[in-house]
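Colleague: The following comprises the amino acid sequence and a computationally predicted model.
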Amino acid sequence: MSEMPSTELSPAANRAVEAALGAGASAAEAYASRDTGREIRVHGGQVESLTAATQAGIGIRAGSGHGVGYASGTDLTEAGVTALAARAAEMAAVAEEDEYAAPPVPAEIEALPGLDSPSVGEWSAGQVADLALTVERTALAADPRVVGVETAVYADSTEQVAIASSTGIAASYEAANCFAYLQALAEGDGSRETGLGFGLARGPEDLDPEAIGAEGAARAVSMIGAGKPASRSCPVVLDPTVAASFAGLIGGALAARAVQRGRSPFAGRLGEEVASTTFALHDDGRDPAGAASAPFDGEGVPRRRIALIEGGKLQSFLYDTYTANREGTESTGSASRSGYRSLPSVSASNLIVAAGDLSTEALLREAGDGVFVTDVAGLHSGVNPVTGVFSVGASGRVISGGALAEPIREFTIAGELVAMLRAVAAAGSETRWVPFGGSVQTPPLLVSELSISGT
Amino acid sequence: MTELLDQDVAAGVLARALANGGRFAEVFAERRGGLTMSIDESRIESVQSGAEEGAGVRVVDGATTYFAHVDGLEPAELERAADEAASALRAGRTEPSPLTARAVTPVPIAVAPEGVPAARKAELLRELDQRGRGIGAEIAQLTASYAEARRVVTIANSDGLFTGDDRTRTRIGVQTVARRGDKVETGAETLGAHRGFELLEEDPGLIAEQAAQKALVLLDSRPAPSGSMPVVVGGGFGGVLFHEMTGHGLEIDHVHKGASVYVGKLGEQVAQPLLNAYDDGRLPNEWGSDAIDDEGQPTQKTLVIEDGKLVSYLYDHLGAERDGVASTGNGRRESFRHLPLPRMTNTYIAPGESTPEQMIEEVKNGFYAVSFGGGQVDPATGDFVFGVSEGYLIEDGKVTAPCTGATLIGNCLDALAAIDAVGDDFFMKTGICGKGGQKVPVGTGQGHVRVGRMTVGGTAR
């Protein structure tokens, strides 16, 4: 962890807390962040756009009695912070009293080394442009049926965070992340297909541009000639990108806020059987490889590892301080921020789906005859987070006689989240970090039955 | 009009941005602020206020755009952004054209939300809560949200343009949960416009009742059917169907990359002659309307499908320059932290001549999709999905059982060509469209529309 952020952000956060108390708040917390990032998009062997940016801001949570108000802005000067603090106190006066809205008390925060990356700052724009160009070039060279690349992108960011509160919380950290991806276009049989390839790392030296380009090309080419499958119920294998999307939905439904308000399919099911024993899910906010890792959460509570589903049983929900107060339990360090602009909310950090012992080939053999889903679409509109009922667009391959057969697209897979977890028959052994559904590490999963709607 | 930066400062920033060459430079300055609050469990919470200002500077050279953005509007900050954007270029200076101010009449706002006390907004949320819960004892949960946002922008570019706009949007939303024994269903409704608080002076409580009724109806639902069948799509937000299956594919960036199924289709018959469709950024006070786009180009009404023929794509500045045409005023961006992209404004299928009753009567067995959660498309393949939140079976020409858990799925060109009836009951609804990591407000609209054959993805046989 770098000492850098405390030089400017921590004093601003401290000032904000003082100012909010001065404006009449009975409790206050300030979260300041500075994000330095760049993004390079390439197309047709040329740089299409190069974006460089720094943004910094602060968000102040003020309590008046037990009502909470929030104000955020980009002006970190003393006058700017004072004005924001007054605004937060004013907002708090509008909110209604809530006995559980007490701020967290400080707990010991263990340092988490390895989150920053010197190479993010050291690699020049030219070097990372070469990386993105290599992604594109590899995809184009992989197969004559790859006719283009819609976009190849490299992006990185270094985020500095400082938090301070009237209860004595004072902490900071710095974390770097980078990623590269492409959308390859392949043509054949009179149709055009797309394929995504991606990679995630702390620094650019850990990205493999050839592998990313090759993955996009392979995915696009494998879809050439895709038809529509017949409507039926059958075994389904979810590849890691798809399993991650579903894990993200499950993580969302395990957030105590939704659960306590009866808006989750897991409400009232703690300790009950909600999955097959082959499916295990953890949240780990300290996994050094996880993009969402940090020493503390969005309100200064230490991040940790939490078993959510184990042995087929629901072991825990995810809590921030508010939802923990409401149930008389402890925060799991699951208050997340999407930046300084909004209040923290309860959500997963890095979700980890446990690996099984079957290779992907063995998983397909186990499935016998079914469908291998490599992509899903329409998750934001096709999943009801309250009931768990889902129907989403999908594409992938037919599984015939235990092996991959012809490509298929333009169908839906439908079911209900808990029923799907209970039907997980096997987990693969090959896990992968995926940036869908949040930050998720997962193997492919075999679900014994889901509804397929095609022709 | 409020100018966020002095004309001379803007000229200086542009000159600096072109100090190392480039054929086009632009500075986009913005002050944005807003207030959101919500009610949950009949308690006002999450009262949040935000205020930001900053600028983005871009320099275009050949096929490459260099972009830098900074927080703050001090001349020193703007110059820093200009220097950063220019830093990768190595050529000699390009002279920008002298700036000429162009006046813009912003979309009129009658009651600025900033001037309305926060307590009044809290009172409105309590009214939504009571109205929704009043619909039936089976309404177990209700959350409602209020949001106001104002964006003041000033745009200057090296072609000599100096202009700006002042935009205020207001929106409320209600989500309900109904419960009967173990059966749980949800409903949602929104109301939003490029308007001030006057939007909420008529009968905002109506949307709470509508959201509650949707959830209650679904307590009697069965799982949606699966398979290919005729589908009647409801009016208003049903227009998201056209947004996904056609609108995105007409955005010129997709077309230029060969990543749209509408490449090479200009002038061709892509739909039956009964179909006419527009993108219109000038619909008065509509959610997706602005006086100018985020490149300073006046918004316009663009006919995209005329009697079933594809007649126009949707252009931003760079896309139009490449095709040697005028921008259609579709260069939009989420904020000063984003590059503009060709985006839809308000996109809709113009009213037709059928009545919804006729369209349903003519269907032997099919599906009636009334409310939607949203949709998604891959413009390159044309595959799209469309999540149905409230749907019904059509049996022997009659609307029968309510259904949940359906997604409509199809391919753009097939589904567009399969539209065989367009209703006369036109209206618009609000949406938030995501593309390239940027969210912008868009309007969608239509009367009822019938698609002759489409895949309904439920779980029932």
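Modeller: Nice, thanks for sending it over.

Colleague: what kind of secondary structure is the closest residue to chain B within the stretch 251-400 of chain A in?
Modeller: In the stretch 251-400 of chain A, the residue that lies nearest chain B is A:Ser381 (2.8 Å; C-beta to the nearest C-beta). Glycine gets a C-beta too; all of them are placed from N, C-alpha and C. Under DSSP: H, G, I helix; E, B strand; the rest coil, A:Ser381 falls in the helix class.

Colleague: which residues touch it?
Modeller: Listed by C-beta atoms under 8 Å, 6 or more residues apart in numbering or on different chains, the contact partners of A:Ser381 are B:372-376, B:385-387, B:389, B:407.

Colleague: of those, list those near chain A.
Modeller: When C-beta under 8 Å from any C-beta of the partner chain is taken as the criterion, the members of the contacts of A:Ser381 that contact chain A are B:372-376, B:385-387, B:389, B:407.

Colleague: so which pair among the residues you listed is furthest apart in space?
Modeller: Within the ones next to chain A among the contacts of A:Ser381, two members stand farthest from each other by C-beta to C-beta: B:Gln376 and B:Ser389, at 14.9 Å.

Colleague: Mind splitting the chain into its structural domains?
Modeller: All of this is about chain A. Residue ranges of the domains in chain A are recorded as A:4-222, A:232-453, according to automatic domain parsing.

Colleague: Let me rephrase: I mean chain B.
Modeller: B:7-218, B:222-457.

Colleague: what's the first-to-last distance across the longest one?
Modeller: One end of domain B:222-457 to the other measures 14 Å (C-alpha to C-alpha, to the nearest Å).

Colleague: Next, the buried residues of the worst-scoring helix or strand of chain A on mean pLDDT.
Modeller: Among the helical and strand segments of chain A, the one scoring lowest on mean pLDDT, DSSP states H and E is helix A:379-382, with a mean of 88. When neighbours are counted by 16 or more other C-beta atoms under 10 Å in any protein chain shown, the buried residues of helix A:379-382 are found to be A:379, A:381-382.

Colleague: same question, stretch A:110-127
Modeller: A:112, A:115-117, A:119-120, A:123, A:125.

Colleague: That stretch close to chain B?
Modeller: Yes. Shown here: stretch A:110-127 in contact with chain B (C-beta under 8 Å from any C-beta) through A:Ala125.

Colleague: Pull up the distance across that stretch, start to finish.
Modeller: Stretch A:110-127 stretches 35 Å from its first residue to its last (C-alpha to C-alpha).

Colleague: So what's the gap between that stretch and the chain middle?
Modeller: Between the mean C-alpha location of stretch A:110-127 and the chain-wide mean there is a distance of 20 Å, by C-alpha atoms, centre = their mean, to the nearest Å.

Colleague: And the contacts of whichever strand or helix holds B:Arg120?
Modeller: Following DSSP states H and E, the helix or strand that holds B:Arg120 is helix B:118-133. With C-beta under 8 Å, 6+ apart as the test, helix B:118-133 has contacts from A:90-91, A:94, B:35, B:37-39, B:42, B:44, B:47, B:113, B:139, B:142, B:144-146, B:148, B:172, B:174, B:176, B:200, B:204-209, B:211-212.

Colleague: so the residue of chain B most remote from its centre, which of the three states?
Modeller: Here chain B reaches farthest from its C-alpha mean at B:Gly92, the gap being 40.8 Å by C-alpha atoms, centre = their mean. When the structure is split into helix, strand and coil by three-state DSSP, B:Gly92 lands in coil.

Colleague: I'd guessed it sits against B:Leu18; true?
Modeller: No. Contact criterion C-beta atoms under 8 Å: B:Gly92 and B:Leu18 do not qualify, at 9.8 Å.

Colleague: Show the contacting residues for the closest residue to chain A within the stretch 251-400 of chain B.
Modeller: Here the residue of the stretch 251-400 of chain B nearest chain A is B:Gly387; by C-beta to the nearest C-beta that distance is 2.8 Å. Contacts of B:Gly387 were listed using C-beta under 8 Å, 6+ apart, and they are A:378, A:380-383, A:391, B:372-375, B:406-407.

Colleague: Tell me which two of the residues you listed sit farthest apart.
Modeller: Within the contacts of B:Gly387, two members stand farthest from each other by C-beta to C-beta: A:His380 and B:Ala406, at 15.4 Å.

Colleague: residue ranges for the strands of the stretch 351-461 of chain B, please.
Modeller: For the stretch 351-461 of chain B, the strands defined by DSSP state E, counting those that start in this stretch cover B:365-378, B:383-395, B:398-404, B:406-411, B:419-422, B:427-435, B:438-446, B:449-457.

Colleague: which residues of the chain fall in helices?
Modeller: Just so you know, I chose chain A. Along chain A, the stretches classed as helices by DSSP state H are A:9-22, A:78-94, A:118-122, A:125-142, A:209-222, A:240-253, A:256-260, A:321-327, A:360-367, A:379-382, A:417-422.

Colleague: Actually, chain B is the one I wanted.
Modeller: Taking DSSP H, the helices of chain B run over residues B:7-17, B:75-86, B:118-133, B:205-218, B:240-242, B:248-250, B:252-256, B:317-323, B:356-361, B:412-417.

Colleague: Dump those helices into a markdown table; add mean pLDDT, distance to B:Ala224 and mean neighbour count as well.
Modeller: Compiled in a markdown table, the helices of chain B are given as follows (pLDDT from 0 to 100; distance: least, C-beta to C-beta, whole Å; neighbours: other C-beta atoms under 10 Å in any protein chain shown):
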| stretch | mean pLDDT | distance to B:Ala224 | mean neighbour count |
| --- | --- | --- | --- |
| helix B:7-17 | 97 | 54 | 21 |
| helix B:75-86 | 95 | 51 | 21 |
| helix B:118-133 | 97 | 25 | 19 |
| helix B:205-218 | 97 | 11 | 22 |
| helix B:240-242 | 92 | 17 | 28 |
| helix B:248-250 | 97 | 25 | 27 |
| helix B:252-256 | 97 | 31 | 23 |
| helix B:317-323 | 97 | 39 | 19 |
| helix B:356-361 | 96 | 17 | 17 |
| helix B:412-417 | 95 | 18 | 21 |
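
Colleague: List just the one of those helices that sits closest to A:Arg202.
Modeller: helix B:75-86 (24.3 Å).

Colleague: Who are the packing partners of the closest one?
Modeller: Counting by 3 or more C-beta pairs under 8 Å, 6 or more residues apart in numbering or on different chains; DSSP states H and E, the packing neighbours recorded for helix B:75-86 are helix B:7-17, strand B:24-40, strand B:43-61, strand B:64-71.
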